[in-house]
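Colleague: let's see this in three dimensions:
(3 chains)
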Amino acid sequence: MKKLKAIQTFAALCLLASVTLSGCGTSGAASGSASGGAQSASAKPAEAGEPVTIEYWHINSKTFGGPTIDQYAQAFNKCQSKYKVVPRFIEGVYGGVLQNLQADTAAGNPPAVIQVGYSYLDYFSKNFKYTSPADLIQNDSSVSPDYLKGFKENTLKLSTAADGTLVGLPYSLSVPVMYYNLDILKKAGVDTEKLPTTWDQVYSAAKQISDKTKSTGLVIQCSKDFWLGQCMIESNGGSLAKTADGKMQASFASAEGVEAMQQWADAIKNGSTKYILNEESKSAFMSGNVGILAASIGWSSAIDSGSSFQLVTTKMPAYGQKPLKAPAGGNFLTITAQSEEKKKGAWEWVKYLTSAEGYLDWTKGTGYIPPRTDVLESSEFKDYLKKNPLLQAAAETVDYANPWISFSGSAGMEADQKLLDMRDAVMNGKQTAAKALPATQNEINQMAASKK
Amino acid sequence: MKTDKIGRAAIHLLLLCLSACMVLPVVFTVFSSFKSVNDIMTNPLRLLPERFILDNYRTILDRVPFGVIILNTVAIALTVMGFKLVTSCLAAYSFVFLRNRFSDALYFLFICTMFIPLSVTMIPNYITISKMGLLDRLMGVALPQLCDAMGIFLLRQHFRGIPESLIEAAKLEKTPHLTILFKIVLPVAKPAVIATGIIFFVNSWNEYVWPKLVLRTEGNYTLPLAAQAFIGAEGSADLNITMAMATATLAIPLVLFLIFQKFIIGTFASSGIKG
Amino acid sequence: MRRISGRKKREKLLAFVLLLPVLIVFSVFMFWPLIQTVWLSLYDWNMVSPEKHFVGFANYTAIFQDGSFVQILKNTGLYVLLFLAIDFAVPYLVSCILAFAVKKMTAFYKSALFLPSLLSLVTAALIFSWLFNPIAGPLSKLFALFGQRFPNWAQTNGLVIVVLSIITSWKLFGYNLIVLLAGVSSIPLELIETARLEKTPPLEVFFRIILPLSSSTGIYTLIITIVWGLQWVFTPINILTAGGPDKGSLNIIYEVYDQAFTFFNTGKASAWGLVTLLLFSALLFLEFRYVEKGIYYEN
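Modeller: Below you'll find the predicted structure:
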């Protein structure tokens, strides 16, 4: 009897589950955030009176800007009834956005507005359909034709394709900065009044730290991209790639590039610097085991709240007297909606996000730096910087922000991966930079040539 | 007798060490979910919180509509488990007791599906589901997973181990096949069915890649998706929040397991098939 | 005579009807994608652009000529060996111990050993990433107490695969354990008792009695360990090393994913997928040879 009852209850549960399944998924039930409507896989036209759904893809997690975006969406949806913005968090960062975009485009159902990482500018503009903000500005009478002049010129370059088309508006903007654990520096006897301003000084401070204390001297952020690597090579006077006749050629194996990479590898060899990836470098620094960290300003709020030592940031160091060049991290907003209606709604949403108040608020919610001149020079922003001194270094670096280079062409992603493999090989001492860089550069250029 | 005792003690010691390796990371996770980030980072070897805080849970309760999400996850897991078990039982019965010319070929065909990597089927299935209008629906997640070659494989092996004599007797009495299935075959194969069911349920509970592709709005998420929403780019994973989400996600399967544990273990007790 | 043939016909029909649901689901969600994959492997495409370039077998030749093909195979082999050791050999022995050698506390052991299987791999990867952090993690501090340095495993070839396997095995162990337990528990107790009375050494009991009698479950678990192990280790690789250092932790399944979703080489990914399938079919062959032919069954 017990057995029969067990089977009956089991069967009943399964039945209940299936019934729930067939009904579920439409209304998104008791979640406070905007939901529903996104299930129209075949873009059926909205009935009169029903708001048009504007799907917004972002990479901001729940602990980094996600709730802020939800608030924006709620406010936007409340103040008008024509459009309904539905934010969607995409996992896998910018690569993830493109993967999902591919899937949805293949299914005929692309979102309205997305965040595209700056390094994907080339790949995105060549393979996906979008509407340039320049066109929308022209056709929008409520916006001054000088709208774009409000942006810092070098930031607009970040979202402008090689042929001059404006692909999107720069939105989240981060730059690399140097984080210092002053407690460790003091312990090692490094002068905390005059923090390093050149790479030579950084490396010798790191050596001092590792010699005199049990802590690691320096860690450089190494995510699944070559961001910091580009910063170092370019700051030393090299370049990641050069464009000639509209073709992109890898060029990082110059003497300057090799020198920058080898110096880093040597520091690892002498034990003052450790080569660890992603999250591990952040946790290592936060837990008070590393003296100096070179990483994105985006990590500042997490590091600040998680650490219990004296923390300061400075601009990235330079190579001797050479000018600092920092690749911009973050993303730009672009409109991938296909129908005219959705394009209009998308543009309204983008305008909302990229207003002066929008940027200022976004900075407060995330620590990103605003790309608009009026915001940067406003007194509210300056006040904000005073209260959050860690961001000061980043605000100063924005003037040096350069495009984050990613190799173009259909083999672009593979080329980026080769850079990472090369970085691994050099930093692990398997190959010298003098050997590895030219070899990889040739491979990349050959690959690009063979793929037409 | 003495060596027996020492031998026994040694075995127990080994088992305890093994259990410790398995359990410690989980215990660590649960305890860490009550710590602040700072606490976790600066006291890496310390199990108990320096200051016991509930903030992490407050944060996730604040931002995640748990009730709905748990319901979603349960609904999908139960449905997938149920269908997989039923279809596997039926198929296994067919392959073992109703064997004909085509059985082996079809069986081979089904088994092949076990070796197809997810990355191969992901996008075509996504397009199919989308065309069916099941995007962002729980059913869209469950539909491609209603059958599993693994279940067919395992149950077929166990069905084959059932003594032919029992089946022959029933056949002589002209018992309908479905009765044979329910009254003879299933009771004997109970441990295998239950083990398979558990695996199906837990796998579905923790599944991430496929549901992520299908489910869009937060109200339709499953637990692993909700957990992942805390892990992002530059802000990245705050260890304390990750631990809290992990503990929350673990809670229900754990409770279910503890409840059904006696039922499960009872059937695993050595029960030879007596002549 | 007529009645028998009538029954036979109904049986044949029933046999087919029972298989119908599986056939339908698999055809739509497994075989159709597979056919698409075969077709796609002959093209050079990135899944979005409207043009597809037919390249015939170029994708396949590119794979075999790729310098890293051997390394990927070697890595895959190492993963498989580690999985088999930790998730096949050990659970087998443990299930025997739990079934026959130990009377007390079995419930505790079973629960404790199955516990990790309840966690999601994403969570496991993040937790172990902290536990194994070579500079700041608990294990590194433990090592420091004994004056040892914890290796930078994510940058060490070989070791990186070991660590990734451990993380995946930690979760896979419990699954295999309960399946093997189900298999081992069905062995008649009398056989074991008789062997014990005859003072047979335990290893002999294992190889002569337990292994053959539970071989069907055993082979199944062997295959599942390889297939699931390689699929599951994808998550820790994705989160922790992305295939690095310098392809040091790449395996064949991850390569399919990388080609498809990191490099957007749909054609090449499909080719890799099929190569994987072919290699796995060697396992299939094993299954059919040994399970269908040489295994002991009560009937």
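Colleague: okay, and for chain B, where does confidence drop off?
Modeller: Residue ranges of chain B with pLDDT under 70: B:1-3, B:231-237, B:262-275.
Colleague: what helix or strand is the nearest residue to residue B:207 once chain neighbours are set aside on?
Modeller: Distances taken as C-beta to C-beta, 6 or more residues apart in numbering or on different chains put residue B:224 closest to residue B:207, at 6.6 Å, once the chain neighbours are dropped. From N, CA and C alone the C-beta is placed, and that goes for glycine too. Secondary structure assigned from DSSP states H and E places residue B:224 in helix B:223-228.
Colleague: which residue ranges form the helices in the stretch 151-300 of chain A?
Modeller: A:153-157, A:182-188, A:199-212, A:227-235, A:255-269, A:278-286, A:300-306 (DSSP state H, counting those that start in this stretch).
Colleague: before we move on, the earlier item: which ones are touching the residue nearest to residue B:207?
Modeller: Counting by C-beta atoms under 8 Å, 6 or more residues apart in numbering or on different chains, residue B:224 touches B:206-208, B:211, B:249, C:120, C:122.
Colleague: widest-spaced pair of the residues you listed?
Modeller: Spanning the widest gap among the contacts of residue B:224 are B:211 and B:249, at 13.2 Å by C-beta to C-beta.
Colleague: the more surrounded of these two?
Modeller: Shown here are residue B:211 and residue B:249; by other C-beta atoms under 10 Å in any protein chain shown, residue B:249 has more neighbours (25 against 22).
Colleague: quick one, domains of chain A?
Modeller: What automatic domain parsing lists as the domains of chain A is A:52-174+A:329-402, A:176-327+A:409-450.
Colleague: quote the end-to-end distance of the longest one.
Modeller: Pointing back at domain A:52-174+A:329-402 there. In domain A:52-174+A:329-402, first residue to last residue: 37 Å (C-alpha to C-alpha, to the nearest Å).
Colleague: can you say which helix or strand has the residue most central in space within chain B in it?
Modeller: With distances taken as C-alpha atoms, centre = their mean, residue B:202 lies nearest the centre of chain B, 2.0 Å away. Per DSSP H and E, residue B:202 falls inside helix B:190-206.
Colleague: and the residue of the stretch 301-450 of chain A found nearest chain B, how many residues sit next to it?
Modeller: Closest residue of the stretch 301-450 of chain A to chain B, C-beta to the nearest C-beta: residue A:306 (3.8 Å). Residue A:306: 23 surrounding residues under other C-beta under 10 Å.
Colleague: thinking it is in contact with residue B:35, fair?
Modeller: No - using C-beta atoms under 8 Å, residue A:306 is not in contact with residue B:35, being 11.2 Å away.
Colleague: close to chain B: what parts of the stretch 101-250 of chain A are there?
Modeller: Applying C-beta under 8 Å from any C-beta of the partner chain, we find that the stretch 101-250 of chain A lies next to chain B at A:103, A:106-109, A:174.
Colleague: rerun that using 10 Å as the cut-off
Modeller: Within the stretch 101-250 of chain A, the positions adjacent to chain B are A:102-104, A:106-109, A:111, A:115, A:117, A:172, A:174, A:223 by C-beta under 10 Å from any C-beta of the partner chain.
Colleague: mind listing the shared neighbours of residue B:211 and residue B:249?
Modeller: Common neighbours of residue B:211 and residue B:249 (criterion: C-beta atoms under 10 Å, 6 or more residues apart in numbering or on different chains): B:73, B:222-224.
Colleague: thinking again about what came up before, how about CSV for the domains of chain A, with distance to chain C and mean pLDDT added?
Modeller: Output for the domains of chain A, formatted as CSV (distance: least, C-beta to the nearest C-beta, whole Å; pLDDT from 0 to 100):
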stretch, distance to chain C, mean pLDDT
domain A:52-174+A:329-402, 5, 89
domain A:176-327+A:409-450, 4, 91
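Colleague: nearest residue to the residue of the stretch 101-250 of chain A found nearest chain B other than its sequence neighbours?
Modeller: Going by C-beta to the nearest C-beta, chain B is nearest to residue A:107 of the stretch 101-250 of chain A, at 4.1 Å. Using C-beta to C-beta, 6+ apart and skipping the chain neighbours, the partner closest in space to residue A:107 is residue B:130 (4.1 Å).
Colleague: spit out the contact partners of the one you found.
Modeller: Taking C-beta under 10 Å, 6+ apart, we find residue B:130 in contact with A:41-42, A:103-104, A:106-109, B:136, B:140, B:213-214.
Colleague: buried among these? Need that as a selection in ChimeraX.
Modeller: Here is the ChimeraX selection string for the buried members of the contacts of residue B:130, based on 16 or more other C-beta atoms under 10 Å in any protein chain shown:
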select /A:41,103,104,106,107,109 /B:136,140,213,214
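Colleague: which of the contacts of residue B:130 lies closest to residue A:213?
Modeller: residue B:213 (47.8 Å).
Colleague: how near is the closest one to residue A:100?
Modeller: The spacing between residue B:213 and residue A:100, counted by C-beta to C-beta, to the nearest Å, is 8 Å.
Colleague: which neighbours do those two share?
Modeller: By C-beta under 10 Å, 6+ apart, residue B:213 and residue A:100 have these common neighbours: residue B:126.
Colleague: sorry, back to before: next up, the contacts around the residue of the stretch 301-450 of chain A closest to chain B.
Modeller: Applying C-beta under 10 Å, 6+ apart, the residues near residue A:306 are A:282-283, A:285-287, A:299, B:36-42, B:238-240.
Colleague: switch to 8 Å and redo it
Modeller: Contact analysis of residue A:306 by C-beta under 8 Å, 6+ apart lists A:286, B:37-38, B:41, B:238.
Colleague: of these - the most surrounded one?
Modeller: Highest count within the contacts of residue A:306 by other C-beta under 10 Å belongs to residue A:286, 30 neighbours.
Colleague: for that residue, which non-adjacent residue is spatially closest?
Modeller: Sequence neighbours aside, residue A:306 is the residue nearest to residue A:286 in space, at 4.5 Å (criterion: C-beta to C-beta, 6+ apart).
Colleague: and residue A:437, by the same measure?
Modeller: residue A:253 (3.9 Å).
Colleague: all strands of chain A, in order?
Modeller: Assigned by DSSP state E, chain A shows strands spanning A:52-58, A:83-89, A:113-117, A:169-174, A:176-181, A:216-220, A:241-244, A:247-250, A:273-274, A:290-296, A:311-314, A:326-327, A:329-335, A:401-402.
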